[in-house]
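Engineer: Build me a model from this:
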Amino acid sequence: MTAQKIIFHIDFDSFFASVEQQYNPKLRNKPLGVTAANSRTCIIASSREAKRLGIKTGDRSYEAQKICPNLKLISADFNKYFEISKKFLNICKDYSPFTELFSIDEVFMDVTLTTHLFNGTFNMINLMKLRIREEIGEYITASFGISHNKLLAKLGSGMDKPNGITEITPEDVLKVYRTAKLTDICGIGERIKRRLNDIGIDNLIQLRNASLQLLVKEFGKVEGHFLKRVGLGIDESEVIPYTQPQAVKSVGRSYCLPKNEQDKRIVLQNLYELCEEVGIKLRRLGKKGKTIGLGLNGSVYIKMRKTFREYVDTGSQIFNLVFPFIEKDLEKQQYVRQIHIWVSGLEEKEKLTLSLFDLEGKKDRIANAIDKLNDKFGDHTIRNGFLLYADKLTTVPNGYLADRYERNKLSSEF
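Structural biologist: Below is the predicted model of the structure:
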């Protein structure tokens, strides 16, 4: 008989705000709101003190300051947060080789084979909490969920915050489901919740008892089966170690502008810079792609995706290929707020047929020379003349670490 797995989900408490409070003692024990680094006025994280006042993620800063006039606002520093994540991964590797970085402040660990080495599950957790305090900081804490699968472990980590430990055994599932909300489950957001409510499912017990046919009819086969398994507390997904490189099928970058931007030149400059960043990632991966996708979101939504004959890996190539498809629509556009650019259909550069002419080779040599300078002095140090006087976009990991380039880069560091 196969032994039951022991899975941890570890979720840092008020992570961005706690890191800021750890670095700056003057911010401790005070309500703090972390805002986006590009001057957007939305609270992306709040400290424990701010949460107790009712200030939560997604609140506008001016609304939050009405609740708490002395609320301190500070811009997010994702490079700083990622460095803390790396320190924590360095701790995790001493307790299990099976550690999955789920987001910048969450990990899963499969400790089935190692708990006996540390005198049991709870003793292991206490040792990890002690090391967090000693090696990362006394103001940064984490909550632990323990269960036999990832779904329930993640549910458990949110049940006793901050700095809590919650175990959900197979026998506990019904009891937990009676009090947990639908949106406490990873994968059920407000939109899915509303659709469940529309078909008479208002809680996890009703989801557990719902027929598969009803769920498939409303949500389709894939989502319907997922929701049925959620209702039954079933999750067979494996913990994927962060040290295991992931296949990169596409490279992209999203950026939300600081304000609704009506200046076409500024929009295009930001797009060009994002294309440059995608090109840098492609070249570092040793890949080229020929399918390009673009999304511009604002007063009018523009979306395009096209596969071209040529493979590309430079920002100028990517920009020049997509620009003709959006030029006319952009003229009609009142404003743009968000830009998303990606390249897929990737192939290893060394496997592609070389051009009969040396033009491609010359472009590659120029790109390589620019990359060396940017590696030495920082990304976007050498820029196209079109970007003269344009703000530089900072290349940082996002909170979800959705970029597989960043994840593969991380896997090579350990």
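
Engineer: end to end, how far does stretch 202-215 reach?
Structural biologist: Terminal residues of stretch 202-215 are spaced 13 Å apart (CA to CA, to the nearest Å).

Engineer: Per the annotation, how does this protein divide into domains?
Structural biologist: 15-80, 86-232, 250-411 (automatic domain parsing).

Engineer: and Met128, what is it in contact with?
Structural biologist: Listed by CB atoms under 8 Å, 6 or more residues apart in numbering, the contact set of Met128 reads Ile10, Ile91, Cys92, Tyr95. (C-beta placed from N, C-alpha, C; glycine too.)

Engineer: Distance of the third one relative to Lys193?
Structural biologist: Going back to what we said before, that points to Cys92. 32 Å (CB to CB, to the nearest Å).

Engineer: Ok, Leu113 next?
Structural biologist: From Leu113 to Lys193 the distance is 37 Å (CB to CB).

Engineer: circling back: let me have the domains of the chain in a markdown table, extended by distance to Val239 and mean pLDDT.
Structural biologist: Formatted as a markdown table, the domains of the chain follow (distance: least, CB to CB, whole Å; pLDDT from 0 to 100):
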| stretch | distance to Val239 | mean pLDDT |
| --- | --- | --- |
| domain 15-80 | 20 | 89 |
| domain 86-232 | 4 | 96 |
| domain 250-411 | 14 | 80 |
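
Engineer: so which of those gets nearest Ala3?
Structural biologist: domain 86-232 (6.6 Å; CB to CB).

Engineer: about what we covered before: out of the contacts of Met128, name the ones that lie in helices.
Structural biologist: Among the contacts of Met128, the members falling in helices (DSSP state H) are Ile91, Cys92.

Engineer: Tabulate the contacts of Met128 in TSV, adding columns for neighbour count and distance to Lys264.
Structural biologist: Compiled in TSV, these are given as follows (neighbours: other CB atoms under 10 Å; distance: CB to CB, whole Å):
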residue	neighbour count	distance to Lys264
Ile10	24	46
Ile91	17	49
Cys92	22	47
Tyr95	20	53
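
Engineer: Closest to Glu167 out of the contacts of Met128?
Structural biologist: Minimum distance to Glu167 across those is 13.4 Å, recorded for Ile10 (CB to CB).

Engineer: what sits against the closest one?
Structural biologist: Contacts of Ile10 by CB under 8 Å, 6+ apart are Cys92, Glu106, Val107, Phe108, Met109, Met128, Ala142, Ser143, Phe144, Gly145, Ser157.

Engineer: Next: Leu282.
Structural biologist: Val251, Lys288, Gly289, Val312, Asp313, Val343, Leu346.

Engineer: what about 6 Å?
Structural biologist: Val251, Asp313 (CB atoms under 6 Å, 6 or more residues apart in numbering).

Engineer: need the helices for the stretch 101-250 of the chain, in chain order.
Structural biologist: Counting by DSSP state H, counting those that start in this stretch, the stretch 101-250 of the chain has helices at residues 121-135, 150-157, 173-179, 190-198, 204-209, 212-219, 221-232.

Engineer: And the contacts of the third one?
Structural biologist: Pointing back at helix 173-179 there. Contact with helix 173-179 is made by Ile168, Leu204, Ile205, Gly233, as judged by CB under 6 Å, 6+ apart.

Engineer: Any chance of the domains of the chain in TSV with distance to Thr243 as columns?
Structural biologist: Output for those, formatted as TSV (distance: least, CB to CB, whole Å):
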stretch	distance to Thr243
domain 15-80	21
domain 86-232	8
domain 250-411	5
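
Engineer: The closest residue to Lys72 other than its chain neighbours: how many residues sit nearby?
Structural biologist: Excluding its sequence neighbours, the residue lying closest to Lys72 (CB to CB, 6 or more residues apart in numbering) is Leu32, at 5.0 Å. Leu32: 27 surrounding residues under other CB atoms under 10 Å.

Engineer: Flag every buried residue along stretch 55-74.
Structural biologist: Ile55, Asp59, Ser61, Ala64, Gln65, Cys68, Leu71, Lys72, Ile74 (16 or more other CB atoms under 10 Å).

Engineer: thought the fourth one was touching Ile55?
Structural biologist: Yes - A contact is recorded between Ala64 and Ile55 when judged using CB atoms under 6 Å, the distance being 4.6 Å.

Engineer: sorry, back to before: give me the phi and psi for the residue nearest to Lys72.
Structural biologist: phi -140, psi 140 (degrees, to the nearest 10).

Engineer: That one and Thr57: what is the separation?
Structural biologist: Taken as CB to CB, the span from Leu32 to Thr57 is 13 Å.

Engineer: Next: Ala142.
Structural biologist: 18 Å.

Engineer: distance between stretch 272-287 and the chain's centre?
Structural biologist: 19 Å (CA atoms, centre = their mean, to the nearest Å).

Engineer: send the alpha carbons of it over as CSV?
Structural biologist: Below are the C-alpha coordinates for stretch 272-287, written out as CSV (Å, rounded to 0.1, in the frame of the first residue of the first chain):
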residue,chain,number,x,y,z
TYR,A,272,9.0,49.1,-28.5
GLU,A,273,10.7,48.8,-25.1
LEU,A,274,8.6,45.7,-24.3
CYS,A,275,9.6,44.2,-27.6
GLU,A,276,13.2,44.8,-26.8
GLU,A,277,12.8,43.0,-23.5
VAL,A,278,11.2,40.0,-25.2
GLY,A,279,14.1,40.0,-27.7
ILE,A,280,16.7,40.0,-24.9
LYS,A,281,15.0,37.0,-23.2
LEU,A,282,14.8,35.1,-26.5
ARG,A,283,18.5,35.6,-27.2
ARG,A,284,19.5,34.6,-23.6
LEU,A,285,17.4,31.4,-24.1
GLY,A,286,19.1,30.8,-27.5
LYS,A,287,15.7,30.8,-29.3
